[in-house]
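Student: Give the three-dimensional model of this entry:
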Amino acid sequence: MRLALLDYVVVPHIDCPGHPESEVLGQVAEAYRTCGTAHQPLRDGQVIVIDGESAEVR
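Tutor: Next comes the predicted model:
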């Protein structure tokens, strides 16, 4: 089931040394880039702030 709240997939834990899922999620993000899937990679500590129609990574 997909909620479809966003127009893209969120990929967490990107470039986070020591995080056990960082490497595999980096591969997932690369696969999304290769096939043209809209996605937003996030490092630990980053968030997506949505305000009306605008979205910002902080």
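Student: neighbours around residue 42, how many?
Tutor: Neighbours of residue 42 under the rule other CB atoms under 10 Å: 19. For every residue, glycine as well, the C-beta is placed using N, CA and C.
Student: Over to the one 4 residues further on?
Tutor: Counted with other CB under 10 Å, the neighbours of residue 46 add up to 12.
Student: What residues sit buried inside whichever strand or helix holds residue 29?
Tutor: Per DSSP states H and E: residue 29 is located in helix 22-35. By 16 or more other CB atoms under 10 Å, the buried positions in helix 22-35 come out as 22, 25-26, 28-29, 32.
Student: just the residues you listed now: which is nearest residue 56?
Tutor: Relative to residue 56, the closest of those is residue 29; by CB to CB it sits at 19.2 Å.
Student: Distance check, that closest one against residue 41.
Tutor: According to CB to CB, to the nearest Å, residue 29 and residue 41 sit 5 Å apart.
Student: So what sits opposite the closest residue to residue 46 other than its chain neighbours in the bridge?
Tutor: Using CB to CB, 6 or more residues apart in numbering and skipping the chain neighbours, the partner closest in space to residue 46 is residue 57 (5.7 Å). With DSSP bridges as the criterion, residue 57 is bridged to residue 48.
Student: what sits against residue 57?
Tutor: Residue 57 is in contact with 40, 42, 46-49, counting by CB atoms under 8 Å, 6 or more residues apart in numbering.
Student: hmm, back to that, overlap in contacts of residue 29 and residue 41?
Tutor: Contacts common to residue 29 and residue 41, judged by CB under 8 Å, 6+ apart, are 11, 14.
Student: Model confidence for the residue lying farthest from the centre of the chain, exactly?
Tutor: Farthest-out residue of the chain from its mean C-alpha position, per CA atoms, centre = their mean: residue 52, at 19.8 Å. The confidence metric pLDDT takes the value 83 at residue 52.
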